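Visitor: sequence and predicted structure below; questions after.
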Amino acid sequence: MANRGLLNRRQQRDSISLDHKGSNIIPGAGSNYGLTLHINKAHNVELTMPFRMGATWECHHVVAAGVLACRRAGHLARRKKLGQASFALHAEAGPGGRLYGSQDGRHYVGTFKLRRSATDEKSNRAQTMRFSILLLLTLGFNACPAPAQEGKDHNAPALSAPIKGPLRQSRNPNYFEDASGTPLILCGSQTWNTLQDWGSKGAVQPLDFEAFVSFLKAHGHNFTLLWCTELPKFRGLPTTESSPPDFTVSPFPWMRSGPGLATDGGLKFNLTKFDQAYFDRLRARVQALSSAGIYVGVYLFSGEFLLRFRCSTDGYPFTGANNVNGVDDGYRGGSVERAVASVTMTAPNAITEFQDAYVKKTIDTLNDLPNVLWIVSEEAPPKSTWWNDHLISFVRAYEKWKSFQHPIGYAALDSAADTILYNSDADWVAPAARVSPARSCGTGQPSCKVNINDSDHSYFGMWNDTPLTNRNYAWENFTTGNQVLFMDPYLVYYPRQNRNLCAAPVNGIGCKPDPRWDNFRSNLGYILRYSRKLNLANVAPSSTLCSTHYCLAQTPSVGAEYLAYAPAGGSFTMDLSAMPNSRKLAVEWFNPASGETISQNSITAGSSARSFSAPFTGDAVLYLVDSDGHK
């Protein structure tokens with residue numbers, strides 16, 4: 001990627017090449033993106049890192065948004081195989097800023113200054129200048145350990161084998177099946193800034209995506225979402241009790257090439273020119289998840305950010321002041337109706353033309369990858385039904401003749417009935433109901449949807465509840481025939497009501513997840529483990545087989561199995577009369593609070609009201625299966 005012809009090898013060892021574009025050559029002078037707008041290539045930049053006893057790192061190229069891909073340099077690297085590290089430079093006022101990095105599972109924060117050196121006389125680009133990086137605050141690095149691996153011992157092995165093909169509807173309408181025809185469930189954590197970087201005070205903070213993938217695997221998850229936030233700057237995320245911060249977001253699908261400035265201070269968007277770096281990042285992250293055996297729902301839009309977080313200086317690409325294409329949603333601040341005009345139309349218009357082109361580009365970027373699910377929006381305005389239906393239809397038609405056809409999702413609308421989702425033509429839905437129904441059927445095609453209950457829409461305020469109540473939410477959904485996504489704040493610092501006290505936040509983004517959520521995260525992995533014990537092709541939710549009303553079961557006369565959940569533990573009864581008393585059932589208890597599994601002696605089948613009492617306090621899972629195995 002680097003153009004090594006610009007600098008000779010000796011010069012490459014201590015230089016970064018920057019395009020000289022007037023005063024903005026110094027990051028922080030009129031740019032919210034610091035180095036992002038001005039770095040062309042990095043040519044083997046060597047950074048001496050004091051926290052590593054003077055070890056040297058070579059940074060070969062800029063991957064995206066000012067991020068340098070680095071590795072240990074010199075004889076140490078040749079003598080011992082070492083992992084890669086990524087460092088991101090973010091400018092502040094003046095010729096300098098902060099350096100954020102990760103290496104060997106630890107995260108670092110430091111500061112740097114840019115020191116101008118002589119122009120490269122041999123360069124064919126007369127406007128190219130060089131700067132060397134001088135790291136400061138040798139003792140001031142803030143080291144965070146890698147995300148904890150809690151729950152790892154209790155989960156089934158992570159899905160490491162490559163995913164062979166896209167998910168499709170199974171014969172059990174509650175679940176998808178994989179390319180081999182095996183039904184499965186989808187459970188996992190998702191967070192807002194896994195595709196685009198976020199940061200307050202005008203400075204985006206890079207996310208270590210490799211660490212995020214490892215975090216999902218450590219908790220046994222197999223599903224996440226990649227968000228697409230429409231606004232380059234959004235107003236007042238309610239992370240604090242007072243004076244909620246504004247956040248800056250980058251990158252975006254379109255080039256910011258101007259001429260002229262948008263309302264957020266960056267260059268105007270050109271909606272006819274895609275920013276390939278954005279789509280390269282998108283593809284690379286979806287591929288990384290696929291290699292880890294993780295499916296991903298890719299948001300095409302959000303909708304919620306337009307509804308809740310617009311401001312007159314947000315730089316939204318479809319507002320006239322922010323693009324060079326004459327496309328205008330009419331928003332000038334204040335009016336909620338105009339704020340959401342780009343998603344509440346009732347027929348195609350100039351905005352949908354550009355939206356459709358972007359959707360095509362996204363599909364072209366990801367269609368050949370097997371772990372993709374689409375999701376068109378979330379918590380969009382209630383009047384956005386035509387737009388959502390249009391996107392579902394558009395994606396379906398565009399993928400029809402391509403290599404893969406991926407499931408299309410539709411998340412809850414703001415303050416609207418879930419029946420809108422069930423009556424749509426989406427393949428899967430994420431409703432507003434706290435516990436999804438046992439069947440999610442309506443008038444659309446397919447008539448019954450796979451239901452993935454996302455706490456983002458259904459369980460806002462869950463941080464005010466106990467871990468027990470949080471676990472109730474997940475297991476009750478699973479035993480009602482559904483799947484669970486956790487709106488995990490992960491590294492977004494959210495001190496209001498102690499929602500997420502992640503470590504060492506810088507501009508609203510921390511470096512280590514809050515352990516307060518680890519038990520819930522691990523329980524999503526536990527749910528996946530038990531889903532793999534069950535024959536999902538045959539099980540169905542039942543509110544009558546268990547006195548707690550939460551049970552998944554198949555009830556043939558041979559090969560029956562039952563998974564029951566007791567939200568408060570204690571004693572309960574089960575109807576085991578499907579099999580005769582000549583057959584035995586193996587007994588396994590699971591403690592969701594501790595991850596402990598307890599096996600007991602097998603019992604005789606045949607009773608219509610068999611009593612059970614959990615061998616521990618708190619909520620309990622009971623798994624019963626024909627001693628000869630299930631069907």
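Guide: Here it is on my side, so go on.

Visitor: make it CA atoms for all contacts and neighbour counts henceforth
Guide: Will do.

Visitor: ok, the closest residue to Ala262 other than its chain neighbours to Val359 distance?
Guide: Spatial nearest neighbour of Ala262, chain neighbours left out: Asn322 (4.3 Å); criterion: C-alpha to C-alpha, 6 or more residues apart in numbering. Taking C-alpha to C-alpha, to the nearest Å as the criterion, Asn322 is separated from Val359 by 20 Å.

Visitor: so which of the two has more stuff around it?
Guide: Remark: of Asn322 and Val359, Asn322 carries more neighbours, 28 against 18, as counted by other C-alpha atoms under 10 Å.

Visitor: wait, the more buried one sits on Phe269?
Guide: Yes - contact criterion C-alpha atoms under 8 Å: Asn322 and Phe269 qualify, at 6.1 Å.

Visitor: so what sits against both of those two?
Guide: Each of Ala262 lies in contact with both Asn322 and Phe269 under the rule C-alpha atoms under 8 Å, 6 or more residues apart in numbering.

Visitor: if we can go back for a sec, ok, the residue nearest to Ala262 - contacts?
Guide: Taking C-alpha under 8 Å, 6+ apart, we find Asn322 in contact with Leu261, Ala262, Thr263, Lys268, Phe269, Gly315, Tyr316.

Visitor: swap the cut-off to 7 Å and go again
Guide: Applying C-alpha atoms under 7 Å, 6 or more residues apart in numbering, we find Asn322 in contact with Ala262, Thr263, Lys268, Phe269, Gly315, Tyr316.

Visitor: ok, the second one - contacts?
Guide: Think Thr263. Thr263 neighbours (C-alpha under 7 Å, 6+ apart): Thr313, Asp314, Gly315, Ala321, Asn322.

Visitor: can you give me phi and psi for the residue nearest to the fourth one when sequence neighbours are not counted?
Guide: The shortest distance from Ala321 to any non-neighbouring residue, by C-alpha to C-alpha, 6+ apart, is to Ala262 (6.0 Å). When quoted as degrees, to the nearest 10, the phi and psi of Ala262 stand at phi -80, psi 180.

Visitor: you'd agree Ala262 is up against Gly315?
Guide: Yes - applying C-alpha atoms under 7 Å as the test, Ala262 and Gly315 come out as touching, 5.6 Å apart.

Visitor: more neighbours: which of these two?
Guide: Gly315 (27 against 23).

Visitor: in the stretch 51-200 of the chain, which segments are predicted with low confidence?
Guide: Low-confidence segments of the stretch 51-200 of the chain, defined by pLDDT under 70: 51-161.

Visitor: with adjacent residues omitted, what lies nearest to Lys402?
Guide: Nearest one to Lys402, counting by C-alpha to C-alpha, 6+ apart, is Asn367 at 7.4 Å.

Visitor: burial measure for that neighbour, as a count.
Guide: Asn367 sits with 21 neighbouring residues when counted by other C-alpha under 10 Å.

Visitor: with Asp368 instead?
Guide: 16.

Visitor: what do you get for Leu237?
Guide: 16.

Visitor: one more: Ala578?
Guide: Using other C-alpha under 10 Å, the number of residues around Ala578 comes to 18.
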